[in-house]
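Undergrad: Sequence and predicted structure, then a few things I'm wondering about:
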Amino acid sequence: MKIIVIGGSGLIGKKLVKKLRERGHEVVAASPSTGVNTITGEGLAEALIGAQVVVDVTNAPSWEDRAVLEFFETSTRHLLAAEAVAGVGHHVALSVVGIDRLPENGYYRAKVAQEHLIKASQVPYTILRATQFFEFIGGIAEAASDGRTIRLSPAFMQPIWSDDVATALADVALEAPVNGMTELAGPEKIRMDEIVRRFLSANKDTRQVITDVHAHFYGTELEDYSLIPGEHARIAPTRFEDWLSNNIVQK
């Protein structure tokens, strides 16, 4: 089977390409660096010739509200139009759990817009919404840091290892399209303030985490379950402590 991975040079894309090739499929890692640009359309039609499945794991170069919306809308429109011409039978897109519950977040609004375009197209599709990656925990701490303190919500998270996301995407790509949305999460429900404390402790980071129910998560105040999937989510196997023990950044 010929599978095109749009965003094939990114964190998830590289892992997904490797996993699909290990399963014996012909995989094209498509990105501007390989001559395929979904914003301009350059190289897109040629890359899709003979493709049965396209997996979109692109991410915007800027998260400014207008820029990120324009990126996902332009990229997705070009991609879906090219897929329709090429006769692609399954469009798979990676999205984020909880995006429709946090409309104040410009990035999440852009992902909702992307999902609407996919649903309105004629190409059979599956949207895989994943929870926050383990790899993002350090970034969450930095975004909430004010000197030696980090103010965080106690809202629940159910974070996941990026490798498990790539594995799930590979599975979905080889399944029939569901013409709907599937959620994916890690095996543990952990409060945000607590998981950041564990991350900092493991890395010998002495900054203090302050629990604040009104603390914003990238501009949005969270409810307890804002970032948690529904009861029918796919559950990945890797626990946070197991990932953390292999990814401690010594200071």
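TA: Here it is on my side, so go on.
Undergrad: For residue 108, see how far away residue 23 is.
TA: Distance, residue 23 to residue 108, by CB to CB, to the nearest Å: 32 Å. From N, CA and C alone the C-beta is placed, and that goes for glycine too.
Undergrad: wait, I meant residue 18
TA: 29 Å.
Undergrad: So those two - more neighbours on which side?
TA: residue 108 (21 against 14; other CB atoms under 10 Å).
Undergrad: Surely that one and residue 97 touch.
TA: No - in this structure residue 108 lies outside contact range of residue 97 using CB atoms under 8 Å: 10.3 Å.
Undergrad: Let's verify the closest residue to residue 7 other than its chain neighbours: helix, strand, or coil?
TA: Spatial nearest neighbour of residue 7, excluding adjacent residues (CB to CB, 6 or more residues apart in numbering): residue 58 at 3.7 Å. Here residue 58 is coil, with the state taken from DSSP: H, G, I helix; E, B strand; the rest coil.
Undergrad: Look up phi and psi at residue 58.
TA: Backbone torsions for residue 58, taken as degrees, to the nearest 10, come to phi -70, psi 160.
Undergrad: who's in contact with it?
TA: By CB atoms under 8 Å, 6 or more residues apart in numbering, the contact set of residue 58 is 6, 7, 10, 38, 75.
Undergrad: the helices in the stretch 101-250 of the chain, which residues?
TA: For the stretch 101-250 of the chain, the helices defined by DSSP state H, counting those that start in this stretch cover 106-120, 137-143, 162-174, 192-202, 240-245.
Undergrad: how far does the longest one sit from the chain's center?
TA: A distance of 13 Å separates the centroid of the chain from that of helix 106-120, by CA atoms, centre = their mean, to the nearest Å.
Undergrad: avg pLDDT for it?
TA: Averaging pLDDT along helix 106-120 yields 97.
Undergrad: contacts for stretch 189-205?
TA: Outside stretch 189-205, the residues that reach it (CB under 8 Å, 6+ apart) are 137-138, 140-141, 144, 150, 152-159, 206-207, 209-211, 217, 222, 227-228, 240-241, 244-245, 248-251.
Undergrad: Can you select the buried ones among those for me in PyMOL?
TA: Buried residues among these (16 or more other CB atoms under 10 Å), as a PyMOL selection:
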select buried, resi 137+138+140+141+144+150+152+153+155+156+157+158+159+207+209+217+222+227+228+240+244
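Undergrad: about what we covered before: now tabulate the helices of the stretch 101-250 of the chain in CSV and tack on distance to residue 67.
TA: Listed next are these as CSV, based on distance: least, CB to CB, whole Å:
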stretch, distance to residue 67
helix 106-120, 9
helix 137-143, 18
helix 162-174, 24
helix 192-202, 27
helix 240-245, 31
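Undergrad: Quick check: which of these is buried the most?
TA: Highest mean neighbour count among those (mean count of other CB atoms under 10 Å): helix 162-174, with a mean of 21.
Undergrad: Give me the helices and strands touching that helix, please.
TA: helix 11-22, strand 53-56, strand 90-96, strand 125-130, strand 180-185 (3 or more CB pairs under 8 Å, 6 or more residues apart in numbering; DSSP states H and E).
Undergrad: what's the most buried one of those?
TA: strand 53-56 (a mean of 27).
Undergrad: Can I get that one in PDB? Just the C-alpha atoms.
TA: C-alpha atoms of strand 53-56 as PDB (Å, rounded to 0.1, in the frame of the first residue of the first chain):
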ATOM      1  CA  VAL A  53      -3.900   6.700   2.300                       C
ATOM      2  CA  VAL A  54      -2.800  10.100   3.300                       C
ATOM      3  CA  VAL A  55      -1.900  10.900   7.000                       C
ATOM      4  CA  ASP A  56      -1.700  14.500   7.900                       C
END
